[in-house]
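*Asks:* Following is a predicted model, sequence given first.
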Amino acid sequence: MYQKELLKGNTETLLLSLLTDEPMHGYRIVREIERRSSGYFQFKEGTLYPALHRMEAAGLLSGYWGAGTTGTSRRYYSITAKGRQVLEERLEEWHRFSRAVNRIMLAWGS
Amino acid sequence: MDAQSHGYLLSLAKQLKLEPNTKEDILRELEGHLEERAAELEKDGLSSQEAYKQAAIDLGRLDVIAKDMYTVHSRGTWRDILLATLPHLLLAALFALHLWTELLVLIVAMAVFTFIAYKGWKTGGAKWTYSWLGYSLAAPTISWLMAFMALGYAAWTFVTTGNLPFGIPLLILLVAYVPFSLWILVNVTLRVVKRDWLLASLTSLPFPFLTSWILFLNWQGGLWAGSTKIQETDSDRAIVFLALAVTTAVFFKVGRRLVQIGLLTLSTTLLVVYTVVAIPLSFGILAIILVGLSSVAFLLSPAILEARLSKRSSAHPPLNGQGEVVTHWFSTPG
């Protein structure tokens, strides 16, 4: 439950981070997130697409049609300049937040 | 594509209440996802049928996907909002400036409403088109109602006096016009309801207020009767159409469907009560409540029609020209 909440609050940042390397289609995004997090994050596939569309509508991502591996076309998403700027701001905030959390939580743990 | 996967996407297609192009893109995107996931599962040893079934389960609940997609895509841009509110604002201006008494202005306004609704419909049927469609349907609706009443009056006069109140050519014209205008109305209504009953409600939003205006005009002896009282309620009517513009703008800005339904219901109720109270006639509380309820029932009636149409189409799956069940309802982009 706690992991679910953490993922929910950071879905957009995770997607933006993932798409800085290269454009990807929805299925590839699901697999990449699973792979890079060593299976820790498992996206509910159906919730990914509304998130991608919402980010596209907000101008953070740009979608276009391209060729897929099974022959039919796929919708790819790439990060926009606005998306990169938002990502930078969020990563900066994330660093400040995690440092502050670590100072409190890890001090208790040690 | 597997029949189960096709069934999954077909069910999603029914639940996605979006513009045809957007809907098509979403379905194509999810079809790609299902194919890729199923191919991977087949490599793991599942049969084609099992793989597609599992892929559909992994993708998740249709109603949740449809609801989330609706929330994302139903929010209009500022351009959409401007275009959707414009016909209501034009009506408000016609009443505020008392311009509706000029026949030429009315004809030009009707032509503009019909032209824009037709062009918008032909170029993909963007959501803002439906506001214009509502006003462009006012002419066939009102003329149908008047022709129907004239026929009823003729029948009554003939039965009671043995004479017709007007000549045979006009009678033939009326007999031909009533089914013709009804055919136009039924056709357009069915097309709109098939796409989304809520859009049909948005289209019919001005109808209770236009009807009340026509009834008021009739009560005053008609448009050209020369009565000075016919402009008495113009300011109130301008306010009502201005409020319809605001309602439409909010409708386009809120994404959630339930909020949109609640907004149309509440706004119509309040404005109908305001309209009835503004007419220089005394109505009882019961009459006001009945008028309000019947207006809301009229506005939400497309939901019942859609449910009936959906039931009928479920019993008859779509067929292509050769009588085969359609398994691919969109083409690959060129």
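*Replies:* Alright, I've got the coordinates.
*Asks:* which residues of the chain fall in helices?
*Replies:* No chain specified, so I'll use chain A. A:2-18, A:26-36, A:45-57, A:81-109 (DSSP state H).
*Asks:* wrong chain, I was asking about chain B
*Replies:* For chain B, the helices defined by DSSP H cover B:3-15, B:20-43, B:48-59, B:62-73, B:78-96, B:103-122, B:129-136, B:138-161, B:168-195, B:197-203, B:207-219, B:234-253, B:257-278, B:285-315.
*Asks:* so where is the stretch 101-250 of chain B shaky, pLDDT-wise?
*Replies:* Applying pLDDT under 70 to the stretch 101-250 of chain B flags residues B:222-228.
*Asks:* ok and the residue in it nearest chain A?
*Replies:* Residue nearest to chain A within the stretch 101-250 of chain B: B:Lys127 (14.4 Å; C-beta to the nearest C-beta). C-beta: built from backbone N, CA, C; applies to glycine.
*Asks:* OK, contacts around that residue?
*Replies:* B:Lys127 makes contact with B:19, B:74, B:76, B:80, B:84, B:199, B:252, according to C-beta atoms under 8 Å, 6 or more residues apart in numbering or on different chains.
*Asks:* so how far is B:Thr123 from the fifth one?
*Replies:* The span separating B:Ala84 from B:Thr123 equals 15 Å under the rule C-beta to C-beta, to the nearest Å.
*Asks:* Mind checking which of those two has more residues around it?
*Replies:* Between B:Ala84 and B:Thr123, B:Ala84 has the larger neighbour count (other C-beta atoms under 10 Å in any protein chain shown), namely 23 against 9.
*Asks:* Nearest residue to that one in space, ignoring adjacent ones along the chain?
*Replies:* Spatially, and ignoring its direct neighbours in sequence, B:Ala84 is nearest to B:Trp128 (3.9 Å; C-beta to C-beta, 6 or more residues apart in numbering or on different chains).
*Asks:* Next up, the contacts around the one you found.
*Replies:* Applying C-beta under 8 Å, 6+ apart to B:Trp128 gives the contacts B:76, B:80-81, B:83-84, B:120, B:252.
*Asks:* quick one: which of those is nearest to chain A?
*Replies:* For the contacts of B:Trp128, the nearest to chain A is B:Gly76 (10.9 Å; C-beta to the nearest C-beta).
*Asks:* A:Asn102 versus the residue nearest to that closest one when sequence neighbours are not counted, what's the distance?
*Replies:* What sits nearest to B:Gly76 in space, not counting adjacent residues and going by C-beta to C-beta, 6+ apart, is B:Phe252, at 3.5 Å. Note on B:Phe252: its distance to A:Asn102, by C-beta to C-beta, is 45 Å.
*Asks:* Who has more neighbours out of the two?
*Replies:* Ranked by neighbour count (other C-beta under 10 Å), B:Phe252 and A:Asn102 place B:Phe252 first, with 24 against 11.
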